[in-house]
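Colleague: got a predicted structure plus its sequence, pasted below:
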Amino acid sequence: MSIEFRETRPDELREAAAVMASALMSTPLSDEDWDDRGQASWESMPSYTAWDGDRCVGHAGQFALATMVPGGARLATGAVSRVGVLATHRRRGVATGLMQALVRDADRREFDLMSLRASEATIYERFGFGLAGEFCAIDLLPKQARPIRGAATDGTFRMLRPGEIVDVLPDLYDRVAFTRPGVIERPVSWWPRLFKSAIKSDKPSFVVVHTDADGVDDGFVHYETAWDEEHPDGPTGKGEVFDLYATTPGVELALWRYICDVDLVTRWKAFERPVDDVLRHACHNVRAYRVRSFEDEQWVRLVDVDAALAGRTYRQVDGSIRVAVTDPLLPTNDGTYEIAPHGAKRTDAPDADIVTDIAGLSAAYLGGTTWHSLAATGRATAANPADITLADALFHSTPLPFCGTFF
């Protein structure tokens, strides 16, 4: 029997959610969890499902939101999520059919970009996604880290009550989080999921807000603590930082200073930190900041190359380059684009300085993957190596891209 691909109807969402639970090795949402936090999230995400007769065998969806790109603009993005196929239907083209439908759907919805967090790093390049941003997981030893250099000293802290979290954080996040390329908007339906433990108080989970001297909230941190019974020095405290955003590096470091002063905690971990994290250089002892792993974070696909390239800024350097791009799924993107310090546009010029595909251009787009790396690994070609150097200078972005939100 052939597989049918179609947009998911509202009455099919619960079955699609069960398929995703199976594909991701978890149990389906209970009726309580579906009513409490699942249904609203699923209803807010346009999606496609694969059907073998009357049985749902695969699902892929994308949230409509915006991503900040170099220069500060926020571009319309399809945040791809909940991609999975039943084990009984693997290697039958189900994932391919779903992702192709999703890319075409993003084009119809006039998204500039698509973005995803990959469970496996070998899947999505064939659909035009490139690795555009990375993160590191860290351990932080507060005793050795103190004092934190560069921390703002003229603010105050307050701990939010559970009932205040959803009221305070969405607007605060929108004001303070967009300091790096790659940061995304968070839909309303995400907040109860991201802060479930702090809201329900079923764990020692806390949200602390920093307020500046003028009484304006300018940063926050979300963390959990627990007893560390296996510590070699005997029972002591351990903690994990989930979210930490602030308007300036000084406020960011003030929040880390607060974290380092939490009583009893002798070891912190954070699963997602920027690879150019300012905290490492702010520690009194740089070795108090220990990188445990270095991993891929954002996989980006340009959906509308004209709009995406025009939507970001470029470094003020001497010269311009022409990049030829091919896009097998969205051939309207095929063409040559001239990129200069003042902007980017499509050109009819016959010759290109660099040739790549949509996955290569998407990888370089946020400034997190260099053209040098793309050329060295055969994903971009240039007759003149100087053009690769110029492209890197144009696309370079400081600070490096970082999303910080799992979706």
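Modeller: Now that the structure is in, tell me what you want to look at. Residues are numbered from 1 along each chain as shown.

Colleague: could you use CA atoms for every contact and neighbour count after this?
Modeller: Will do.

Colleague: which elements pack onto the helix or strand containing Thr67?
Modeller: For Thr67, the host element (DSSP states H and E) is strand 55-68. Packed against strand 55-68, as judged by 3 or more C-alpha pairs under 8 Å, 6 or more residues apart in numbering; DSSP states H and E, are the following elements: helix 13-23, strand 47-52, strand 74-85, helix 94-108.

Colleague: quick one, helices of this protein?
Modeller: Secondary structure of the chain by DSSP state H: the helices cover 13-23, 31-33, 39-43, 94-108, 142-145, 165-176, 191-194, 196-200, 249-260, 278-282, 305-311, 358-364, 371-376, 385-395.

Colleague: among those helices, which is the most enclosed?
Modeller: Mean neighbour counts were compared across those using mean count of other C-alpha atoms under 10 Å; the top stretch is helix 358-364, at a mean of 27.

Colleague: dump that helix to CSV, restricted to CA.
Modeller: In CSV, the C-alpha atoms belonging to helix 358-364 read as follows (Å, rounded to 0.1, in the frame of the first residue of the first chain):
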residue,chain,number,x,y,z
ILE,A,358,21.6,25.8,-0.6
ALA,A,359,22.9,23.8,2.4
GLY,A,360,26.3,25.5,2.1
LEU,A,361,24.9,29.0,1.9
SER,A,362,22.5,28.2,4.8
ALA,A,363,25.5,27.0,6.9
ALA,A,364,27.4,30.2,6.4
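
Colleague: looking at the helices of the chain, which one has the lowest mean pLDDT?
Modeller: Lowest mean pLDDT of the helices of the chain: helix 31-33, a mean of 81.

Colleague: hmm, Leu390 is touching Arg322, no?
Modeller: No. The criterion here is C-alpha atoms under 8 Å, and Leu390 misses it with Arg322 at 10.7 Å.

Colleague: one step back: for the strand holding Thr67, buried residues please.
Modeller: Neighbour-count burial for strand 55-68 flags 56-68 (criterion: 16 or more other C-alpha atoms under 10 Å).

Colleague: please apply the same query to stretch 109-120.
Modeller: Phe111, Asp112, Leu113, Met114, Ser115, Leu116, Arg117, Ala118.

Colleague: what are the ranges of the strands in the stretch 151-300 of the chain?
Modeller: 156-159, 205-211, 217-228, 236-246, 265-274, 289-302 (DSSP state E, counting those that start in this stretch).

Colleague: out of these, flag the one nearest Glu134.
Modeller: The minimum distance between Glu134 and those falls on strand 289-302, with 4.5 Å, by C-alpha to C-alpha.

Colleague: what's the offset of that closest one from the middle of its chain?
Modeller: Centroid separation for strand 289-302 versus its chain: 9 Å, with C-alpha atoms, centre = their mean, to the nearest Å.

Colleague: run through who's touching it.
Modeller: 112-118, 121, 128-141, 145, 182, 275, 279-280, 283, 308, 358-359, 361-363, 402-403 (C-alpha atoms under 8 Å, 6 or more residues apart in numbering).

Colleague: relative to Phe294, how far out is Leu279?
Modeller: 16 Å (C-alpha to C-alpha, to the nearest Å).

Colleague: pop the domain breakdown of the chain in here.
Modeller: The record's domain parsing of the chain by automatic domain parsing lists 4-116, 136-298, 303-395.

Colleague: for the ones you listed, which one sits closest to Phe407?
Modeller: Using C-alpha to C-alpha, these put domain 4-116 closest to Phe407, at 6.2 Å.

Colleague: span of the closest one from start to end?
Modeller: 24 Å.
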